[in-house]
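Visitor: Build me a model from this:
(3 chains)
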Amino acid sequence: MTPEERLAELGITLPAPPPAVGEYVPWVRTGNIVMTSGQLPWQDGVMAYTGKLGAELTVEDGYQAARLAALNAIAQLKDAAGELAKVTQLLRLEGNVHCAPGFQGHPQVLNGASELLNAVFGEKGRHTRTALGINEMPLNAAVLLCLFAEVEA
Amino acid sequence: MTPEERLAELGITLPAPPPAVGEYVPWVRTGNIVMTSGQLPWQDGVMAYTGKLGAELTVEDGYQAARLAALNAIAQLKDAAGELAKVTQLLRLEGNVHCAPGFQGHPQVLNGASELLNAVFGEKGRHTRTALGINEMPLNAAVLLCLFAEVEA
Amino acid sequence: MTPEERLAELGITLPAPPPAVGEYVPWVRTGNIVMTSGQLPWQDGVMAYTGKLGAELTVEDGYQAARLAALNAIAQLKDAAGELAKVTQLLRLEGNVHCAPGFQGHPQVLNGASELLNAVFGEKGRHTRTALGINEMPLNAAVLLCLFAEVEA
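Guide: Purely as a prediction, here's the structure:
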């Protein structure tokens, strides 16, 4: 099964890759590595999850925000690689969580992204991860993710 | 025009690459990728912009701080590559902004860096970007940037 | 002397590489680059340093926490490369410090990691570094580090 077929099986429609929100580009490629810019929980052009974990948002909200931002990251990979079957290995997920004082549930939040990546890419979806709590996020977004992937030459 | 010529046209003199502020090095190269350490808004050995966006600093201050830190990053690339014409593609700008509670203008601040990189490197200057708000920055710096670039073999 | 011999000379026993704390993997390899996930100050399965620099923790605590997290990162490299002599160059240390308001001693804290890496790997241990202050860290950890290294083909 291709990643596109797995997405279909999960009932997920891949969105258009969101544009940059500044004077940069959404992804670059060097050799067989693709790096995305920061991915936010955009849905149909609206920031779907704003605010801080541990304040306005629950862990379940954060999980859904991370899943949505990861879906946008997959859309960037598709734009970069043409088809997702050309992704040979996911490499790195940078997970940044918008946190109110005292919040420590970063891993549960970021599993919303990791579990989607693993479901869509299978063994090729296994990735490293960082997890940071951020005091003030651009556009008040709940999460910001970056994804690095290895793609076919 | 070379990047050095573009800098001259902009009336900008490339500074000496600032030294590290700890037991590390300002840049490394692996294959044809150069990665810099965190770049701060140093000017002639003085931290030119300190404090937090949304408190002591305006968005225009932040823009200038990001531009200055990006200029220091360009100085590191020149040190690494010998001449800036050997930079074949900028890859990634990590943009960290020192934020007081409630600040959300990261994109406007970081455009100070991105617009300089685009002006100096043209098409080869197009880069991905991350944007995070940091509660406490080393040396109270207004911004900290990292730059990844692809250079000639 | 191999890195393993230098560790022995320093009286340090390399721990088992800590497992991931979520749906990800502790390291990946692409070409001759190894990237680790976020490394925390685990010691024998216990988070040895929790809390914030500038509040519960002193700079010396932070130094030791960074050294311990770096040791865990070395354990990941050993797991990835088989033997540490196959590490041809350390590339990048991402240094994230859990900070209470007003803390600015990130460089002194992160030197705990950098000095260990330099001692163990010698010239091959020279690395770039980023330093950020984080308001809320996963699991309340004092520091979170990532390490990128170049290894033999």
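
Visitor: Could you check the pLDDT of the residue of chain A found nearest chain B?
Guide: Scanning chain A for proximity to chain B using CB to the nearest CB identifies A:E136 as nearest, at 3.3 Å. The way it works is simple: take the backbone N, C-alpha and C, and place the C-beta from them, glycine included. In this prediction, A:E136 carries a pLDDT score of 97.

Visitor: who does it bridge with?
Guide: Applying DSSP bridges to A:E136 yields these beta-bridge partners: B:G133.

Visitor: my read: it touches B:N96, true?
Guide: No - with contact defined as CB atoms under 8 Å, A:E136 does not reach B:N96; the gap is 11.2 Å.

Visitor: ok but A:R29 is inside a helix, no?
Guide: No - according to DSSP: H, G, I helix; E, B strand; the rest coil, the state of A:R29 is strand, so it is not within a helix.

Visitor: is it true that it touches A:L77?
Guide: No - contact between A:R29 and A:L77 fails when scored by CB under 8 Å: they sit 10.4 Å apart.

Visitor: returning to that earlier point: okay, and the common contacts of A:E136 and B:N96?
Guide: B:G133 (CB atoms under 8 Å, 6 or more residues apart in numbering or on different chains).

Visitor: got the phi/psi numbers for A:Q104?
Guide: Per-residue torsions, A:Q104: phi -130, psi 10 (degrees, to the nearest 10).

Visitor: mind listing what it touches?
Guide: Taking CB under 8 Å, 6+ apart, we find A:Q104 in contact with C:136-140.

Visitor: What of A:V109?
Guide: Taking CB under 8 Å, 6+ apart as the test, what A:V109 contacts is A:53, A:59, A:62-63, A:65-66, A:95, A:97, A:143.

Visitor: Restricted to helices, list those residues.
Guide: Judged by DSSP state H, helices contain the following of the contacts of A:V109: A:59, A:62-63, A:65-66.

Visitor: And the residue of chain A closest to chain B, how close does it get to B:L53?
Guide: Distance of A:E136 to B:L53, computed by CB to CB, to the nearest Å: 9 Å.

Visitor: what residues are shared contacts of those two?
Guide: Once CB under 8 Å, 6+ apart is applied, the residues that A:E136 and B:L53 both contact turn out to be B:99-100, B:103.

Visitor: which of these tops the neighbour count?
Guide: With neighbours defined as other CB atoms under 10 Å in any protein chain shown, the most crowded of these is B:C99; it has 29 neighbours.

Visitor: What about that residue? Give its phi and psi, please.
Guide: With angles defined as degrees, to the nearest 10, B:C99 sits at phi -120, psi 130.

Visitor: ok, so what distance separates it from B:L68?
Guide: From B:C99 across to B:L68, the span is 18 Å (CB to CB).

Visitor: A:M137 - how many residues pack around it?
Guide: 26.

Visitor: looking at the sheet around the nearest residue to it once chain neighbours are set aside, what are its partners?
Guide: With sequence-adjacent residues excluded and distances taken as CB to CB, 6 or more residues apart in numbering or on different chains, A:M137 is closest to A:H98, at 4.2 Å. The bridge-partner assignment for A:H98, based on DSSP bridges, gives A:I134.

Visitor: Give me the distance between A:H98 and A:A141.
Guide: A:H98 sits at a distance of 7 Å from A:A141 (criterion: CB to CB).

Visitor: What of A:M35?
Guide: 19 Å.

Visitor: what does A:S37 give?
Guide: A:S37 sits 13 Å away from A:A141 when distances are taken as CB to CB.

Visitor: how many neighbours does the residue in chain A that chain C sits nearest to have?
Guide: Closest residue of chain A to chain C, CB to the nearest CB: A:G133 (3.3 Å). Neighbour count of A:G133, defined by other CB under 10 Å: 29.
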